[in-house]
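> Test case, fold it:
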Amino acid sequence: MKTDLVIINEYCTRSHIDPEFIMQLEDEGLIQINIIDNEQYLNLSEINKLERYVRLHYDLSVNVEGISVVQHLLENMEEMRKEILHLRQRMRLLDDDLFF
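Next up, the predicted model:
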């Protein structure tokens, strides 16, 4: 068995998470589930996102649709942050050109 995959049912049992919650996250496009030999798996790379979603859902009572909105807003913020950094770099280059 590949070590970069986690069996969803085992993860849910150990973490006290309803497996249906994970299915809803996949339906919303927030995580990706792999099916191998009729067993559902998550990539290890998905676990950090899943744990963030679990905290939002179980600790803050945010539903899956709300989690999707939060994720979308976070992605937009990250894109804007990158754009701001890019624009600052361009401004510095323009400033350097003006003074030389």
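> Make sure L42 is indeed in a strand.
Yes: assessed with DSSP: H, G, I helix; E, B strand; the rest coil, L42 lies in a strand.
> How many neighbouring residues does it have?
22 (other C-beta atoms under 10 Å). Just so you know, the C-beta spots here come from the backbone N, C-alpha and C atoms, and that holds for glycine as well.
> helix or strand for the residue most central in space within the chain, which one?
Residue closest to the average C-alpha location in the chain (C-alpha atoms, centre = their mean): K49, at 3.8 Å. Assigned by DSSP states H and E, K49 falls within helix 44-54.
> Next, the residues that contact that helix from outside, please.
Under the criterion C-beta atoms under 8 Å, 6 or more residues apart in numbering, residues 4-6, 11, 15, 17, 21-22, 25, 30-32, 42, 67, 71 lie in contact with helix 44-54.
> low-confidence ranges in this structure?
1-2, 99-100 (pLDDT under 70).
> Looking at this structure, which helix is longest?
Selection of the longest helix in the chain by residue count, based on DSSP state H, yields helix 64-98.
> And that helix, what does it pack against?
Under the contact criterion of 3 or more C-beta pairs under 8 Å, 6 or more residues apart in numbering; DSSP states H and E, helix 64-98 touches helix 19-27.
> Would you quantify the distance from Y53 to I33?
To I33, Y53 is 13 Å away according to C-beta to C-beta, to the nearest Å.
> likewise Q40?
Applying C-beta to C-beta to Q40 and I33 gives a distance of 5 Å.
> Overlap in contacts, those two.
I8.
> between these two, which one's more packed in?
More crowded of Q40 and I33, by other C-beta under 10 Å: Q40, with 19 against 15.
> Need the nearest residue in space to that one, chain neighbours excluded.
I8 (4.4 Å; C-beta to C-beta, 6 or more residues apart in numbering).
> residue contacts, the one you found?
19, 22, 33, 40-42.
> Show me the two of these that sit farthest apart.
P19 and Y41 (12.4 Å; C-beta to C-beta).
> More neighbours: which of those two?
Using other C-beta under 10 Å as the criterion, P19 and Y41 rank with Y41 on top: 22 against 13.
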